[in-house]
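Student: my questions are about this predicted structure, shown below with the sequence.
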Amino acid sequence: MQITFLGTSSGVPTRSRNVSAVALRLPQRGEFWLFDCGEATQHQLLRSDLNISQLTRIFITHLHGDHIYGLLGLLATCGMSGHARGIDVYGPRGVEEYVREVSRITEVNFSYPLGLHTIEAGRVFEDEEYVVNCAPLKHRVPAQGYRVTEKDKPGHFDIERARAEGIPSGPLYGRLKRGERVTLPDGRAFDGADFCGPAQVGRSVVYCTDTMYCRGAVELARDADLLIHEATFSESEEDLARRSMHSTATMAARVAQEARARLLVLTHFSPRYFPGNMVEPADLLREARAVFPNTELAHDFMTVEVPKLETRG
């Protein structure tokens, strides 16, 4: 699991930062998922090493323009480039109407299966490897944060021990790998747990933007390996953050601290903060690290490897 930041500015793009978009890469599956899709996201994809043909899912947090204005352009490009896979789009109430109405007016032809899903708090998507949940955040319009959890994987299967016990290879090995109990024709019974090492614990990534500090974000990010959280303002402009219902870097750090996240990456910075200004992005990083030391500052095209699996006995 890898994260690539395609846009880290809030509201409007700058010379060095585009508006919100984050890609979750799943290399073993040859695909990636997108979280938010601000204006010019498809241009950012072209400048990255991501392959647009591997896009399969798009998760929208809310319907403000800097998080959704790039969606129709990207979907249209996928159609014109012969996208072979289907794409599923998830978002709060209104996202389905937005896509259908704009595509109708502009006569976009989607040559691939396009799924549109209106989300509610709770489980959004699940397959054999991943679960995606969402929870409401605290913003001026309905907004959702997302949590992607990789399912635990069985530990290493001791095939030599199975052979030594005279267990025939084939379907029985698969059952033992899954931790099931099997009984041989001679009456001997074996517990799969005895043939497998410690389980590999699945990783978790949480994406929270736009929001001010709220308990919903803390609970969503509980024990997450990676928390991506907006930090639109510095602590000196906390009043402005509260009026606009955004977070300061300190608020984001509080969420990470209270949730016991392992790593916090800040994003969604106001364009007023740039190198050489009275307040710089580095100042936001210092504010956050004063509360939660394991914090990093995102920049466009930055890639973060989600920590590797640990084992659980």
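Tutor: Right, received. Where do you want to start?
Student: can you list the domain ranges for this structure.
Tutor: The chain breaks down into these domains under automatic domain parsing: 2-152+201-303, 159-195.
Student: just say which of the ones you listed is most tucked in.
Tutor: Greatest average neighbour count among those goes to domain 2-152+201-303 (a mean of 19), per mean count of other C-beta atoms under 10 Å. For every residue, glycine as well, the C-beta is placed using N, CA and C.
Student: sorry, back to before: export the domains of the chain to TSV and tack on mean pLDDT?
Tutor: As requested, those are exported to TSV (pLDDT from 0 to 100):
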stretch	mean pLDDT
domain 2-152+201-303	96
domain 159-195	89
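Student: which ones are touching V22?
Tutor: When contacts are counted by C-beta atoms under 8 Å, 6 or more residues apart in numbering, V22 is found next to I3, T4, F5, L6, G7, L34, F35, D36, Y207, I228, T267.
Student: hmm, which two among those are most spread apart?
Tutor: Using C-beta to C-beta, the two most remote members of these are L34 and T267, lying 14.3 Å apart.
Student: helix, strand or coil: sort out V205 for me.
Tutor: Here V205 takes the strand state, with states given by DSSP: H, G, I helix; E, B strand; the rest coil.
Student: tell me what it is bridged to.
Tutor: Per DSSP bridges, residues listed as beta-bridge partners of V205: V148, L226.
Student: check the gap between R100 and L72 for me.
Tutor: As judged by C-beta to C-beta, to the nearest Å, R100 and L72 stand 10 Å apart.
Student: most distant residue from the middle of this structure?
Tutor: The outermost residue of the chain, judged by C-alpha distance from the chain's mean C-alpha position using C-alpha atoms, centre = their mean, is D186 at 49.5 Å.
Student: and that residue, its phi and psi?
Tutor: Phi and psi for D186, reported as degrees, to the nearest 10, are phi -80, psi 0.
Student: from I167, how far off is it?
Tutor: Applying C-beta to C-beta, the value for D186 to I167 is 11 Å.
Student: go on, W33?
Tutor: Using C-beta to C-beta, one obtains 39 Å as the distance from W33 to I167.
Student: again, but for R29
Tutor: From R29 over to I167 (counting by C-beta to C-beta), the distance is 31 Å.
Student: and what of R47?
Tutor: Using C-beta to C-beta, we find R47 at a distance of 53 Å from I167.
Student: let me know the secondary structure of H83.
Tutor: Secondary structure, three-state DSSP: H83 is coil.
Student: which one is it nearest to, not counting chain neighbours?
Tutor: Spatial nearest neighbour of H83, excluding adjacent residues (C-beta to C-beta, 6 or more residues apart in numbering): Y112 at 4.6 Å.
Student: and L172, what element?
Tutor: helix 171-177 (DSSP states H and E).
Student: give me the contact list for that helix.
Tutor: Residues outside helix 171-177 that contact it (C-beta under 8 Å, 6+ apart) are P154, F157, I159, A162, I167, V182, F190, G192, F195, C196.
Student: mind checking pLDDT for the second one?
Tutor: Read it as F157. pLDDT, the model's per-residue confidence, is 85 for F157.
Student: roughly how far does the nearest residue to it once chain neighbours are set aside sit from K153?
Tutor: Closest residue to F157 in three dimensions, ignoring its sequence neighbours and counting by C-beta to C-beta, 6+ apart: K177, at 4.8 Å. With the distance defined as C-beta to C-beta, K177 ends up 10 Å from K153.
Student: what does G187 give?
Tutor: 31 Å.
Student: also F233?
Tutor: In this structure, F233 lies at 40 Å from K153, with C-beta to C-beta as the measure.
Student: pretty sure A135 contacts E219?
Tutor: Yes: the pair formed by A135 and E219 meets the contact definition of C-beta atoms under 8 Å, at 6.7 Å.
Student: overlap in contacts, those two.
Tutor: Between them, A135 and E219 share no neighbouring residue, with contact defined by C-beta under 8 Å, 6+ apart.
Student: V124: what secondary structure?
Tutor: strand.
Student: OK, contacts around it?
Tutor: When contacts are counted by C-beta under 8 Å, 6+ apart, V124 touches F59, Y90, H117, V132, N133, C134, Y146.
Student: now it. Nearest residue, chain neighbours left out?
Tutor: Closest residue in space to V124, ignoring its immediate chain neighbours: V132 at 4.5 Å, by C-beta to C-beta, 6+ apart.
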